[in-house]
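Colleague: What follows is a predicted structure for the sequence shown.
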Amino acid sequence: MSRRSTKKQFSSLGVEVPEDLHHQPAIYHHPDPILRRLRLEDPQGVPIPDLKSYFRDIKVVCFYFGGIYGEASLREFHRDLVTLSMKERKQFALIYVSTDTKYEEMKSVVQGKPWLRMTFHDGSDFAAISKTGPPEVEELLRGEDFVLSHELGEYEIPGEGAADPLEYDYVRPLSRAGLASHIGALKTPTLTIYHLPSHRILDRFARVEQFRPGQVGKYMQLWKEGRTGGVSARDIFQAMRWSLLLALLVGLYKALVFFGGSQYDFIPDVMTRISSGNFFPDRAGAATTEFLGGAAKSMPTLSVTRATI
């Protein structure tokens, strides 16, 4: 048996290549600037040895930043993600990025799920946001010098929309904390949609609702084409529902005054009584009650009047 070479190797940027990677360059050979900086494991926890081969047909990558805290309330959502991962496994890959501080916590979340994961052994320190205690001391995978979040200012990642010009050169890998900071994932769960062929983030903060069985099909088709999900009428309604309700009430009030006359313009009287300390508007309240009581009888006439106008 031949002895392993101990001769040091360096990248063109002067970064030392770990000895365990001297004969495993496929671990980091990939044109995508993000993917090649990750150390990934398959659903069984086995390191992925060849990025190009594994991601050959993948178009959409979902980075799922999550943790054990609150996991019980996300079980239905996780079932949706499992279903999606199995159905779209040829063109879709979910990469779980644990923000936990203990390996067993991460393992309990991904156990039995067909998700890829970033290696836990990267020196990430999520203690500041952890709900379960200080981090365990873990040996770094292959002794690599992972980039932590506080080092991103001095760490160069090519911009979006282009392949990495140094795809065959070794670079320091990103830790889980480093990727979270790069994406801007400050809470869990955070889901980021990445289009691998174009090297672009399509949706930095995708919504849980987009992964529900009745919705995910249309979004997946858009993501495969490198397009964002856009804003639907339902999204607008959800964001503006209280404003729309207020506008409806204002419209009803104006209709009341228009068809019933100025005697039903009770707001000025209410404001006067509030300022004087007497909140109950006798005249306006009686007039409004009288109008509403006869609304059913006058409804046909009102309908004809509206149609004429």
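Modeller: Looks like it arrived, so ask away.
Colleague: and Glu167, what does it touch?
Modeller: Neighbouring residues of Glu167 by C-beta atoms under 8 Å, 6 or more residues apart in numbering: His29, His30, Pro31, Arg36. Bear in mind the C-beta positions are built from the backbone N, C-alpha and C, glycine included.
Colleague: Could you check which helix or strand contains Leu246?
Modeller: helix 233-260 (DSSP states H and E).
Colleague: typo on my end, Val109
Modeller: Val109 belongs to helix 103-110 when elements are defined using DSSP H and E.
Colleague: Return the distance of that helix from the chain's centre.
Modeller: 20 Å (C-alpha atoms, centre = their mean, to the nearest Å).
Colleague: which residues in this structure form strands?
Modeller: Taking DSSP state E, the strands of the chain run over residues 9-10, 16-17, 40-41, 60-66, 92-98, 116-118, 190-195, 200-206.
Colleague: Turn those strands into JSON lines, columns for mean neighbour count, mean pLDDT and distance to Leu248.
Modeller: Below are those laid out as JSON lines (neighbours: other C-beta atoms under 10 Å; pLDDT from 0 to 100; distance: least, C-beta to C-beta, whole Å):
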{"stretch": "strand 9-10", "mean neighbour count": "12", "mean pLDDT": "92", "distance to Leu248": "68"}
{"stretch": "strand 16-17", "mean neighbour count": "16", "mean pLDDT": "92", "distance to Leu248": "66"}
{"stretch": "strand 40-41", "mean neighbour count": "20", "mean pLDDT": "97", "distance to Leu248": "51"}
{"stretch": "strand 60-66", "mean neighbour count": "23", "mean pLDDT": "98", "distance to Leu248": "38"}
{"stretch": "strand 92-98", "mean neighbour count": "23", "mean pLDDT": "98", "distance to Leu248": "41"}
{"stretch": "strand 116-118", "mean neighbour count": "23", "mean pLDDT": "98", "distance to Leu248": "48"}
{"stretch": "strand 190-195", "mean neighbour count": "22", "mean pLDDT": "98", "distance to Leu248": "34"}
{"stretch": "strand 200-206", "mean neighbour count": "17", "mean pLDDT": "97", "distance to Leu248": "30"}
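Colleague: Of all those, which one is nearest Ser276?
Modeller: Checking those against Ser276 by C-beta to C-beta gives strand 200-206 as the closest, at 49.9 Å.
Colleague: So for Gly70, what's the nearest residue that isn't a sequence neighbour?
Modeller: Distances taken as C-beta to C-beta, 6 or more residues apart in numbering place Thr188 nearest to Gly70, at 7.3 Å, with adjacent residues excluded.
Colleague: Kindly report the same for Trp223.
Modeller: Nearest non-adjacent residue to Trp223 (C-beta to C-beta, 6+ apart): Val60, at 4.6 Å.
Colleague: now swap in Glu88 and tell me
Modeller: Nearest one to Glu88, counting by C-beta to C-beta, 6+ apart, is Met220 at 6.3 Å.
Colleague: hang on, the earlier thing: now the strands of the chain in JSON lines, with distance to Ala163?
Modeller: Shown next, in JSON lines, are the strands of the chain (distance: least, C-beta to C-beta, whole Å):
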{"stretch": "strand 9-10", "distance to Ala163": "23"}
{"stretch": "strand 16-17", "distance to Ala163": "21"}
{"stretch": "strand 40-41", "distance to Ala163": "19"}
{"stretch": "strand 60-66", "distance to Ala163": "15"}
{"stretch": "strand 92-98", "distance to Ala163": "18"}
{"stretch": "strand 116-118", "distance to Ala163": "21"}
{"stretch": "strand 190-195", "distance to Ala163": "13"}
{"stretch": "strand 200-206", "distance to Ala163": "12"}
